[in-house]
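Novice: Starting from these lines, generate the structure:
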Amino acid sequence: MNKLHRYLILAFCLFATLAVSAQKFGYINSQQLIQQIPQVKEANAELETLQKQYESQIQNKATSLQTKYQALARKQDQGEISPKQYEVEAQALEQERADIAKFQQEIQQNLATKSEDLLKPIRDNINTAINSVAKEEGYTYIFDYSVGIILYAEESTDVGSLVKAKLGL
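Specialist: Numbering: from 1, shown residues only. As a prediction, the model looks like this:
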């Protein structure tokens with residue numbers, strides 16, 4: 001029985017060694033790749049333009065609200081408004097402030113949605129290229145170097161140039 005265990009352990013070790021050596025690993029730096037794609041630069045420029053437009057709208061609304069608050073305070077200081085009128089107008093201004101805050105939240109959601117709409121096709125294209133390279137070159141695994149999960153990698157296992165070629169970069 002002891003010899004049988006040794007043979008089984010030896011066979012298992014041999015099989016495990018063969019299984020591991022048959023696997024091919026590669027890595028890619030996706031952040032570096034993304035920075036080189038012209039569509040990403042275009043998408044980022046479009047998002048930045050949209051964000052500046054939204055910021056301008058918010059700034060205009062905030063300036064208008066601040067002017068209204070100052071006018072209301074001046075009316076109160078000069079006795080031009082009754083306490084009841086002041087309370088009604090202050091509540092209206094507070095509602096306007098809440099509307100601006102809600103608008104800011106909507107802007108953040110709109111920007112996130114627009115970003116996803118613009119960048120998802122690019123990410124899908126990159127993933128398709130990575131999958132294609134993996135299949136064509138016989139890689140079992142391809143890791144993303146930019147997220148920091150690789151402790152060591154030989155440069156010869158970097159598939160970035162193959163993916164760039166697949167993307168036409």
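Novice: which secondary structure element contains residue 107?
Specialist: Assigning secondary structure by DSSP states H and E places residue 107 in helix 83-137.
Novice: for that helix, packing partners?
Specialist: Helix 83-137 is packed against strand 25-28, helix 30-35, helix 38-77, strand 141-144, helix 160-167, with contacts defined by 3 or more C-beta pairs under 8 Å, 6 or more residues apart in numbering; DSSP states H and E. Bear in mind the C-beta positions are built from the backbone N, C-alpha and C, glycine included.
Novice: So what's the gap between that helix and the chain middle?
Specialist: 12 Å (C-alpha atoms, centre = their mean, to the nearest Å).
Novice: between it and helix 160-167, how many degrees?
Specialist: Compare the direction of helix 83-137 with that of helix 160-167 by axes from the mean of the first three to the mean of the last three C-alpha atoms, to 10 degrees and you get 100 degrees.
Novice: Compute the inter-axis angle for helix 83-137 and helix 38-77.
Specialist: Using the same axes, to 10 degrees, helix 83-137 lies at 170 degrees relative to helix 38-77.
Novice: Packed most tightly, which of the helices and strands packed on helix 83-137 would that be?
Specialist: Burial of these is given as mean neighbour count (mean count of other C-beta atoms under 10 Å); strand 25-28 ranks first at a mean of 20.
Novice: What is that strand packed up against?
Specialist: Checked by 3+ C-beta pairs under 8 Å, 6+ apart, strand 25-28 has helix 83-137, strand 141-144 packed alongside it.
Novice: Redo the ones you listed as CSV? Include distance to residue 35.
Specialist: Formatted as CSV, the helices and strands packed on strand 25-28 follow (distance: least, C-beta to C-beta, whole Å):
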stretch, distance to residue 35
helix 83-137, 12
strand 141-144, 14
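Novice: Point out the most buried one among the ones you listed.
Specialist: strand 141-144 (a mean of 16).
Novice: I'd like the C-alpha coordinates of that one written as PDB, please.
Specialist: Presented in PDB, the C-alpha positions along strand 141-144 are these (Å, rounded to 0.1, in the frame of the first residue of the first chain):
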ATOM      1  CA  TYR A 141      -5.100  33.900 -18.600                       C
ATOM      2  CA  ILE A 142      -4.400  37.600 -19.300                       C
ATOM      3  CA  PHE A 143      -4.100  39.800 -16.300                       C
ATOM      4  CA  ASP A 144      -4.500  43.600 -16.100                       C
END
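Novice: strand partners of it, parallel vs antiparallel please.
Specialist: strand 25-28 (parallel) (DSSP bridges).
Novice: chain center to the strand it pairs with, what's the gap?
Specialist: From the chain centre to the centre of strand 25-28 is a distance of 22 Å (C-alpha atoms, centre = their mean).
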